[in-house]
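Participant: Structure for the following, please:
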Amino acid sequence: MAEGWHDFATGVRKYFFYIKENVSSDWKDLAFHLDFRRSDINNIAGRNRDDKSRCMDLLEEWLKCNGEKSTREVLLEALSEANLQSTVDGLKNKYPESQSQASSSQQEIAVVKAVKKYYELKLTHVKPLIWNDNFTLTISDIFTQLELVPTSANLLEMSEDGLLSGQETKLNSLDDLFNPDITAQSTEIRCVLIEGEAGGGKTTFLSKEALDAVSKKTELGRRHDIILLIHLREVRDGETIEMIVLDQCVPTTKGVDVGSIETILEKNQSRVLFLLDGYDELRTEARAPGQAIPKLLDGKLYPFSMIVITSRPSAGVQQYTQPDYQVHIKGFSPEHMRKYIQQYFSIIGNPHIADGLQAILDKNSLVTDLVRTPIFLLLVCVLCEEDQELVSTGTMTGLYNNLLKCLVKKHCKREGVDMLTERLLTGVNDTLLQLGMFALEALLGNKTFIDLTQLEGQHINWDLLLRLGVVTLDVSASKVHPKKQLNFSHKTMQDFLAGRYVAHAMGNEDIGELLQLTSIHKALKLSNLIQFTCGCDSRATQVVMAEMINLSSKEFSCLRPYNFQKSHMPVKAFIRKSAENYRTFVLLCLDILNENKEPDVLQAVSRALPVITMDLERHKKQHAALKYYLQNIQSSLLQNNVMLSLSGEDGFQYLQQLFASPILGLQLDLKLCYNAHLGSPDQTTRLVSVLMNVPGMRALDLSDTGLTPSMLQVLVQGFGHMPLLKELDLSNNRDIGDAGMNVLESGLSSVPHLTVLRLKLVCMTAVGMKSLVPKMRHLEELTELDISQNDISDTEMESVSAALLNFTAMQVFVLERIGISNTGMRKLVPALCRSNTLIKLDISRNINIGDPGLECIADILPQLTAIKVLLLRCTGISDRGISTLVQALPHLVQLQVLDVSFNKIGDSGIVSLVETLCQPKRLDIEQNPAGDKSLTNNTLQELHIGGVRGVTGTGLGRVAQLIIALPALTRLDMSGSWDTPAHLPDTADVTQADTHTHLSDTAAMTLAKALPRLPVLEWLDLWYISMEPAGFQAVVQAAEEHPTLDRLWYDKGGVPEGADTSASCLTLNPW
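Facilitator: Below you'll find the model as predicted:
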């Protein structure tokens, strides 16, 4: 890049001497037309003695400040505008090659101007209401709020008080992505992915970005000269990027063809901005590897151009590129929504209606997300203009029915036709049902429009549909493949019309066949359609819910309530995906219930949902349905578990409404999230009053809620009303301290069935531990105890050990960073050796445990054969300790996770450890024929040996040879050490580049060959590792081709110069 810039600068600079000699005293005029400010001009004048020096200084400053944008063409144009045509003519005579370059430049300028004019004519104005010519919107009336969703790459760079704490980061525009105060990223951005549901305003947003960019109103526009808005649904198989650009972006211009487009794009790569709209609508054949759009995304074409691409979530963009930023489109902010409403009613002459509609929308969570999009908010304004009560129906179907009737009434009024009843006119209704049939076909084909050629010969009055305003007639963006198409006013209008048709057709056709509900994935994809179908007909609801029950029993039979909680064990990918789908499925079932609150539907929803899990803050739309469910379902039919999480004051108020009276038989797991701070004892009293109405409370998570001893006192008094409480989490409440432990001890006797107690980071010391332990001894059912990140030290380990003897069912014991040393470990060992049910032991980040402490643990490990997770991270152990651990490992036949990272282990220790782990377990030997030499360890799923001081590239190369005997691995950390380079002596002169453990090409190739032998690997950590180009490329390629490897972690300092880092799985640590 540096060499290319030098050649570029040299080419421009050759004109400077001639200009200096001929411009002289007119240099200020030239400076003005080169866009220099007056202050800059004065500075140049002050630091030079004569005009020739000032002119040369000006030219050098212009070159320095504008980089590759400082072209010959720009310079010649500025000279001409400064009335220095004689200098322009002299340059052309002296450098005749500039004539052809100027011709090329003129063509480029012509294309840029043509595109700008094309966008201004096509995108500036919108007439959304066919019956109101006076209501015209400009694209600048569209106010869109964005929410930054960090990808794994830039998540590392967010500060702890930003996104990592769970707070949303709002963007005013894409310009904010270039603001390091917001993104904390200073590197160049190549790709930004904007995701949003269908109908969320992605196309409108991108159109506005295109128009603003060509007008240089945005940072995107100022950084790029060539703005190309491409509608991906118009892209055909086999088309090149140049063909697509000529087809969609450039109006017919004399002398401009595919060849000239290619020349312009190639020449100006860094100044080209591709705005790609609708990846989810890109034809399947055009998504295949080797097609134009995939090649553009993965950097094989125009790698120095920037891309902004929109898509529905999970459409597969990441198959070809790892976006620098992933942004979620939120639509209107509340402030913009108010402004839009006021604007609409001012234009139609009824400004007094605006406040009434705003008050309705503030209370109506059902349409909160919908009215964020401009066109739907416009339709709601139209409905409110007719009658404000029509907006407050309580159901989505009711709202859309009212909207449809409103549009028909307006049509009848314009046509002079009387609408004598609330029922739609027969002719209108039949036409709308026909449209619904085509809407359904389009939905099932993943299309949001209807090709007008489909309506030929169908005897459908599409002109009536246009006059009603439910669809608009548009011409496709493609000039080569022009077609007329009907676009729906909003994606949900398409869903509604299709749902009306399905409900109407159920008498003659099978709903299952109509909707093609073959899987949960398909049901979730068609969730709006299903919701409207159920809202239109009660019989249809019964049929649909029967399908839902059948799909639920088939696809979610593998799930258990604990799959929706934080797990101490590795979780298989398909379980994680199933749990994610189930959470969305719960919302769909509640939406169906909200549309049709009948006993039969209630019973069907109960059968479809073995567990109800829901975030009350994020899913306000389902509040009414959940409240109806809990208040009306018979206690004998209540689910085994209802899991609710809430945050903020709104969520707390809803919780009070939800449990305003006792609900017997309900088993509830309740979690207060990051910003649900209790605030005061009074707030805690309100919470307790809620909990008293749920005597079946099973789990209470109050972590990070700002609890103090006085608040805890109020909470403890409520424990008597929760006798069945099984889990209590008070973690991350730093104000609790030892005083809080004195309070807590008095309440533990009220919850004798407690199985989980988490007290992580509550600022407890040995004093608090001493007062708590005696009261814990009666908790004989305790299976998990977490006292991590408290300053307990060795002092109270004897009393803790004594308490452990009573916990005969203990499974999880977490002692991370409590200041314990080998002395404390010796005190714990007598009790630990009796904990034969223990499956997880975490003593990480206790640096003073050392080898003596590990030797104590290793001595009893043969008795702890149930251990599945053993975490020894940063415990100060060395090869000596590892040698004792290695002797005990064969007894841990169920071990799934082992972490010895960030210790002082050498090559021999790590290699012997991995060799031991690779030996087959007894069960594997018993289940395989004698003499089978292919036996492997099929149990271990996570191995963390990264950050170890003392391991060299040679040792890691040997590990790469061994790991093929660990085919069950899902996560592998074999990072280098971050502080002292393992391959250098302590006295070496260490540079930043030296602080990476170096893998030779041989070792890297071995690792690359091993990856396909780890068929379920999901994460591979190689931080602080350096490789040669060939080895790096081999590892990255193997990772990219791996079917399950989602993340390869690496850091920029170890990347070979010039190496390709575009692989979608590669996540670079910037430090």
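
Participant: Mind listing residues that contact stretch 543-555?
Facilitator: 506, 511-512, 515, 517, 519-520, 523, 530, 533-534, 578, 581, 585, 588-589, 592, 601, 604-605, 607-610 (CB atoms under 8 Å, 6 or more residues apart in numbering). Where you see a C-beta, it was placed from the backbone N, CA and C, and this is true even at glycine.

Participant: again, 10 Å this time
Facilitator: 502-503, 506, 510-512, 515, 517-523, 530-531, 533-534, 537, 559, 578, 581-582, 585, 588-589, 592-593, 596, 600-601, 603-610 (CB atoms under 10 Å, 6 or more residues apart in numbering).

Participant: show me the contacts for residue 699.
Facilitator: Applying CB under 10 Å, 6+ apart to residue 699 gives the contacts 561, 565, 641, 643, 667-671, 725-729, 755-756.

Participant: was I right about residue 276 contacting residue 206?
Facilitator: Yes: Residue 276 lies in contact with residue 206 (CB atoms under 10 Å); the separation is 8.3 Å.

Participant: so what sits against both of these two?
Facilitator: Shared contacts of residue 276 and residue 206, counting by CB under 10 Å, 6+ apart, come down to 194, 229, 230, 231, 308, 309, 310.

Participant: In CSV, list these along with neighbour count.
Facilitator: Listed next are these as CSV, based on neighbours: other CB atoms under 10 Å:
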residue, neighbour count
194, 25
229, 27
230, 24
231, 21
308, 26
309, 27
310, 28
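
Participant: Return a selection command, for use in PyMOL, containing the buried ones of the contacts of stretch 543-555.
Facilitator: Command for PyMOL that selects the buried part of these, burial taken from 16 or more other CB atoms under 10 Å:
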select buried, resi 502+503+506+511+515+517+520+523+530+531+533+534+537+559+578+581+582+585+588+589+592+593+596+601+604+605+606+607+608+609+610
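
Participant: In helices, which of the contacts of stretch 543-555 fall?
Facilitator: Residues of the contacts of stretch 543-555 located in helices (DSSP state H): 502-503, 511-512, 515, 520-523, 530-531, 533-534, 578, 581-582, 585, 588-589, 592-593, 600-601, 603-608.

Participant: quick one, what contacts residue 18?
Facilitator: Residue 18 neighbours (CB under 10 Å, 6+ apart): 87, 90, 91, 94, 95.

Participant: Among the residues you listed, name the buried ones.
Facilitator: Neighbour-count burial (16+ other CB under 10 Å) is assigned, among the contacts of residue 18, to 87, 90, 91.

Participant: so where is the stretch 951-1071 of the chain shaky, pLDDT-wise?
Facilitator: The stretch 951-1071 of the chain contains residues with pLDDT under 70 at 978-995, 1070-1071.

Participant: mind running it again at 80?
Facilitator: Within the stretch 951-1071 of the chain, the set of residues satisfying pLDDT under 80 comprises 978-995, 1062, 1064, 1069-1071.

Participant: Strands of that one, residue ranges please.
Facilitator: Ranges of strands in the stretch 951-1071 of the chain, per DSSP state E, counting those that start in this stretch, are 971-973, 997-999, 1019-1021, 1025-1027, 1047-1051, 1066-1069.
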